[in-house]
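Enquirer: need coordinates for the following:
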Amino acid sequence: MKIAIVGTGYVGLVSGTCFAEMGTEVFCVDIDAQKIENLKKGIIPIYEPGLEEMVNRNHEAGRLQFTTDLRKVLNEVEVLFCAVGTPPDEDGSADLSYVLEVARTVGRYMEKYVLVVTKSTVPVGTAVKIKQAIREELDKRGVEIDFDIASNPEFLKEGAAINDFMSPDRVVVGVESERAKKLMTALYRPFLLNNFRVIFMDIPSAEMTKYAANAMLATRISFMNDIANLCEVVGADVNMVRKGIGTDARIGSRFLYPGCGYGGSCFPKDVKALIKTAQSHHYTMRLLEAVEEINEDQKSILYKKLETHFAGDLKGRRIAVWGLAFKPETDDMREAPSLVLINKLLEAGCRVYAYDPVSIPEAERRLGDRISFGKDIYDAVVDADALLLVTEWKEFRMPSWQAVKKLMKTPVILDGRNIYEPAELEELGFTYHCIGR
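Expert: Numbers count the residues shown, from 1 in each chain. Sure, this is the predicted structure:
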């Protein structure tokens, strides 16, 4: 089978590469000519463990090809995935301009049947707009060509995307015809030989499933952050509370870890978009509005704790920050808590020295020379008045605390992810602050 994937961002590149790994011939299409040339040379635009090797292997084998010309490959493929961006507009709604431009291009140049599958995260009702855009272009040409629309939302976790795609919990597919169902079944069967976990449904339900899943996960995070903040007030330990409720089979233990807020390309954008979708239908998502508000407040919690520790005297202090990406195993800083924290520190007159294993180039692009960067975890803490742990990279878990203490001006640690043991650090002479304990 031959397929095309339009958009070589995170979702498109991972999806196309994984399909190619299973023997499908894949054309990855993007309007960014420089990105396409880089991909042909093996230069990957994102950091994802294992992706670079898989891209190069499949490109060399001829199964994975890169082009800027959708028109050229459109009539060679049976299935076209749309994985272009849907960035939030100023009001929080999803911008569908890129998605609809792909649909119009399909309508202008298709000469035979094609199944157009939305991989991008789009609001309920987008499939109708895509179908309308294709039909309008076909009508302008005065031709009648069969096509189908489907929805196949992605559920990839950054840092574990390849494993998520190659061995998924489930694959959600919204279809309108038996022909589309057969094509999607054939495409995903190699991934699920032993347990075919494709869930077929109508297209609006598939579109809603993506938003509902991310909104639920975001809700669990904000709920636990709210509980953690209350634990501090009443003297409880949120780690004990998490264990106590996580063993309840109705609740489970995942996404119950408090911290300094969630970020990334999905949760913040999708929560906002779902709220906006509800508003456009005269409904209020009261719970999700609270989820969003709690998360935005939580991104400032380390700053508030630091301000309290130094009684508001922050001007001129040197602050070390470990971790810049919104989560480990990615260089993605979209909506990252570190950005909110760093901006507040700078506004207070602090000097910020940060380290992250992979995100420094992205941080330099976003922050310029407003902060300094350490070459490793120890370089970042030299003469620091305090160390703030923001992203729980593995290399931050067991540093030489003796070396850290010797390098710091003041042995103060604010742990935004609760990865350290309070008693251990206090015994070593550190002042330790965390979340909900």
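Enquirer: can you report how many residues lie near the residue lying closest to residue 203 once chain neighbours are set aside?
Expert: With sequence-adjacent residues excluded and distances taken as Cβ to Cβ, 6 or more residues apart in numbering, residue 203 is closest to residue 174, at 3.7 Å. To be clear about C-beta, it is placed using only N, CA and C from the backbone, and glycine gets the same treatment. Applying other Cβ atoms under 10 Å, we find 25 residues neighbouring residue 174.
Enquirer: ditto for the one 4 residues further on
Expert: Per other Cβ under 10 Å, the neighbour tally for residue 178 reads 9.
Enquirer: do you know how far it is from residue 115?
Expert: Taken as Cβ to Cβ, to the nearest Å, the spacing of residue 178 relative to residue 115 amounts to 12 Å.
Enquirer: one more: residue 384?
Expert: The gap separating residue 384 from residue 115 is 56 Å, by Cβ to Cβ.
Enquirer: likewise residue 349?
Expert: As for residue 349, its distance to residue 115 is 57 Å (criterion: Cβ to Cβ).
Enquirer: the more surrounded of those two?
Expert: Neighbour count, other Cβ under 10 Å: between residue 349 and residue 115, residue 115 has more, with 23 against 10.
Enquirer: the more buried one bridge partners, please.
Expert: residue 79, residue 148 (DSSP bridges).
Enquirer: how far off centre is the longest helix seen in the chain?
Expert: The longest helix of the chain (DSSP state H) is helix 203-234. Between the centre of helix 203-234 and the centre of its host chain there is 15 Å, according to Cα atoms, centre = their mean, to the nearest Å.
Enquirer: check which element follows it along the chain.
Expert: Beyond helix 203-234 in the direction of the C-terminus, DSSP states H and E gives the next helix or strand as helix 238-246.
Enquirer: tell me the mean pLDDT over that following helix?
Expert: For helix 238-246, mean pLDDT rounds to 96.
Enquirer: and if you look at stretch 81-100?
Expert: The pLDDT scores in stretch 81-100 average 89.
Enquirer: flag every buried residue along that stretch.
Expert: Taking 16 or more other Cβ atoms under 10 Å as the neighbour-count basis, stretch 81-100 is seen to contain the buried residues 81-86, 88, 92-94, 96, 98-100.
Enquirer: farthest-separated two in those residues?
Expert: Spatial extent of the buried residues of stretch 81-100 (Cβ to Cβ) is set by the pair 81 and 92 at 25.6 Å.
Enquirer: I'd like the distance between the residue lying farthest from the centre of the chain and residue 108.
Expert: Relative to the mean C-alpha coordinate of the chain, counting by Cα atoms, centre = their mean, the farthest residue is residue 142 (41.7 Å). Between residue 142 and residue 108 the computed distance is 13 Å (Cβ to Cβ).
Enquirer: likewise for residue 400?
Expert: With Cβ to Cβ as the criterion, residue 400 and residue 108 are 62 Å apart.
Enquirer: neighbour count for the two, which is higher?
Expert: Applying other Cβ under 10 Å to residue 400 and residue 108 shows that residue 108 carries more neighbours, namely 15 against 11.
Enquirer: and that one, what pLDDT?
Expert: Here, the pLDDT recorded for residue 108 equals 97.
Enquirer: what about the helices in the stretch 251-400 of the chain?
Expert: Using DSSP state H, counting those that start in this stretch, the helices assigned to the stretch 251-400 of the chain run over residues 267-280, 286-298, 301-309, 337-347, 360-367, 377-380.
Enquirer: out of those, which comes closest to residue 414?
Expert: Put simply, out of the helices of the stretch 251-400 of the chain the one that sits nearest residue 414 is helix 301-309, at 5.2 Å, with distance taken as Cβ to Cβ.
Enquirer: just the pLDDT for residue 359.
Expert: pLDDT for residue 359: 96.
Enquirer: OK, contacts around it?
Expert: The neighbours of residue 359, taking Cβ atoms under 8 Å, 6 or more residues apart in numbering as the test, are 324-325, 330-333.
Enquirer: what's around residue 304, how many residues?
Expert: Taking other Cβ under 10 Å as the neighbour definition, residue 304 ends up with a count of 11.
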